[in-house]
Every structure is written in structure tokens, then in C-alpha cells.
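In: here are the coordinates; sequence isn't available:
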């Protein structure tokens with residue numbers, strides 16, 4: 001997808017300033033995603049440095065539309081390659097019948113969900129216990145503000161999978177609060193409503209489906225309560241979950257690596 005270029009193109013004097021202007025302003029966003037995916041500061045810095053070099057080599061394929069999304073695609077691919085080599089067991093995301101089956105919402109504990117939303121450290125631990133692809137979806141949506149369509153393009157998955165992944169990630173956070181391990185307690189929702197609640201909370205439903213679901217919420221107190229929990233979790237991830245900032249030295253590392261690519265001293 002990202003083709004490496006021959007040395008003559010890499011050494012084009014106009015390439016470096018254009019890359020610096022279009023791509024490097026998104027270094028903090030890139031690091032935040034890499035840090036959430038790898039779980040370690042140094043690993044995240046290594047991933048971002050490698051991703052910057054790959055992005056520079058593939059810069060001819062960038063057409064100026066969205067530098068952030070373009071870089072994030074390379075960062076997440078680099079991060080998952082790193083995880084596959086170093087910690088392959090961390091990539092497994094088991095299918096959970098309770099999440100896909102659509103049970104009843106009364107089993108969730110609203111006060112426990114609100115505690116999770118208010119306790120930054122507990123939320124941090126809960127998110128760190130999610131599989132990387134779940135963490136990725138939550139970070140891209142709630143910290144970086146990407147739309148479902150943008151997430152689909154960055155991750156390379158269908159729009160429906162984005163919705164499903166976010167729904168399952170939020171369900172796992174609720175389970176973590178209920179059980180302490182994110183695995184042992186059934187999440188119960190109205191049949192077929194869980195994915196719609198997440199999409200509604202994120203403003204991603206079309207007008208017709210939004211109006212239809214608003215009518216459902218008015219007539220269904222359990223789903224209305226679940227919607228409030230979704231909103232509380234989304235706000236907590238955006239405002240309370242730690243956002244990892246790249247060290248200033250990382251920019252210098254990336255710049256040095258890029259200069260080495262061009263032969264510049």
C-alpha cells in the first residue's frame with residue numbers, strides 16, 4: 001500500500017519541508033495511538049520513528065487530503081506488526097456470545113459505570129486490559145475525534161465493523177467495572193440495540209434512524225439508562241483517560257532518521 005521510493009526521489013530537496021509541514025504536526029496524535037497500542041513509552045517511540053520513516057518513503061502516495069489519517073494508518077500498521085512480533089498473544093480478541101447475543105440491560109450497574117467514568121486510574125486500567133483493536137477504536141473515536149468513516153479508512157475495516165468494535169469495547173469496559181476483569185459478567189441489553197446505542201451516542205446515525213431510536217429511548221427506560229452510561233464513558237475517555245504526549249526528543253529522533261534517509265547531514 002505504501003510503496004518505498006528510489007533514492008533520487010528521497011533526496012529531492014522539496015520533499016523534506018513538505019513532509020515536515022504536512023505530516024510531522026501530527027506526531028503527538030501518532031504517539032498517543034502508538035502508546036495505547038503498545039503499552040510502553042519506549043516501544044511507542046520506536047513505532048513512531050519507524051512509521052515516520054515509512055511515511056517519508058511513501059510520501060509520493062500522499063495527496064494532501066488528510067495528513068493525520070494518513071500517518072495514523074501507517075502508525076497503527078507499524079504498531080500491530082510490532083505487537084505481532086513481540087507479544088502475539090495480545091492480539092487475540094475472543095468472540096463473546098453475551099455481547100453479540102443482545103441480552104437485557106438491567107444487569108448493568110449504573111452507579112458502577114459512573115464510578116468508572118469518574119475514576120481516571122480505574123478507567124486507565126480498564127482500557128489497558130482491552131485487546132489492542134478495542135483500545136484503538138476507543139482512542140481514535142473519543143480522544144482523536146475521528147468519525148466512523150475515518151476510523152474505517154485508518155484501520156482498513158468496514159463501517160459496520162467499526163460500530164461493532166466500539167460497541168464491544170464499551171461493553172467490555174462495563175464488564176470490567178462489574179467484575180474487575182472485563183470477562184466474567186454478562187452485559188444485558190435490549191435485543192439488537194447495543195450497536196445502535198453506541199452509534200447514536202457518537203452522532204453517527206442517519207436522520208431517520210436517529211429519530212426512530214429517540215422514540216425507542218423515550219419508551220424504554222433501561223435503554224435510556226444505558227445511553228446515559230454510554231455518554232458518560234465516552235466523555236470520560238475523552239476527558240479523563242490519559243493522553244500520552246510525545247517527548248520533544250522523539251521529534252529529533254524522527255528528524256534524524258529522515259535526514260539519514262535523504263543523505264542529509
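Out: Thanks, I have the structure now. Because the structure is predicted, anything quoted here is derived from the model rather than measured.
In: Is residue 241 part of a helix or strand, or is it coil?
Out: Three-state assignment for residue 241 (DSSP: H, G, I helix; E, B strand; the rest coil): coil.
In: What ranges does the stretch 151-265 of the chain have for its helices?
Out: With helices called from DSSP state H, counting those that start in this stretch, the stretch 151-265 of the chain shows them at 159-179, 194-201, 207-219, 221-239, 248-262.
In: what helices or strands is the last one leaning on?
Out: I take that to be helix 248-262. Packing contacts for helix 248-262, counted by 3 or more C-beta pairs under 8 Å, 6 or more residues apart in numbering; DSSP states H and E, involve helix 15-22, helix 27-38, helix 41-57. Where C-beta positions appear, they are placed from N, C-alpha and C, glycine not excepted.
In: To residue 214, which of the ones you listed lies closest?
Out: Residue 214 lies closest to helix 27-38 among the helices and strands packed on helix 248-262, at 32.5 Å (C-beta to C-beta).
In: got a list of contacts for that closest one?
Out: With C-beta atoms under 8 Å, 6 or more residues apart in numbering as the test, helix 27-38 has contacts from 41, 43-45, 47-48, 51-52, 68, 71-72, 75-76, 78-80, 82-83, 127, 132, 135-136, 139-140, 143-144, 243-246, 250-251, 254.
In: Write the ChimeraX selection for whichever of these are buried.
Out: Selection command for ChimeraX covering only the buried members of those, criterion 16 or more other C-beta atoms under 10 Å:
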select :43,44,45,47,48,51,52,68,71,72,75,76,78,79,80,82,83,127,132,135,136,139,140,143,144,243,244,246,250,251,254
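In: From what I see, residue 247 and residue 44 are in contact.
Out: No: assessed by C-beta atoms under 8 Å, residue 247 is found out of contact with residue 44, at 10.2 Å.
In: center of this protein - which residue?
Out: Residue closest to the average C-alpha location in the chain (C-alpha atoms, centre = their mean): residue 136, at 2.6 Å.
In: List the residues that contact that one.
Out: 33, 36-37, 76, 155.
In: Which strand or helix spans it?
Out: Using DSSP states H and E, the element containing residue 136 is helix 132-138.
In: Which element, helix or strand, includes the closest residue to residue 43 other than its chain neighbours?
Out: Using C-beta to C-beta, 6 or more residues apart in numbering and skipping residues adjacent in sequence, the residue nearest residue 43 is residue 82, 6.7 Å away. Counting by DSSP H and E, the element that carries residue 82 is helix 67-86.
In: Check what contacts that helix and list those residues.
Out: 2, 22-23, 25-26, 29-30, 33-34, 37-38, 43-44, 46-48, 50-51, 54-55, 58, 62, 90-91, 132, 136, 140, 144, 146, 150, 153-156.
In: gap between that helix and the chain center?
Out: 11 Å (C-alpha atoms, centre = their mean, to the nearest Å).
In: do the same with stretch 226-246
Out: 12 Å.
In: pLDDT of it, averaged?
Out: The average of the pLDDT scores along stretch 226-246 is 89.
In: And that stretch, what's buried?
Out: By neighbour count on 16+ other C-beta under 10 Å, the buried set for stretch 226-246 is 226-227, 229-230, 232-234, 236-237, 240-241, 243-244, 246.
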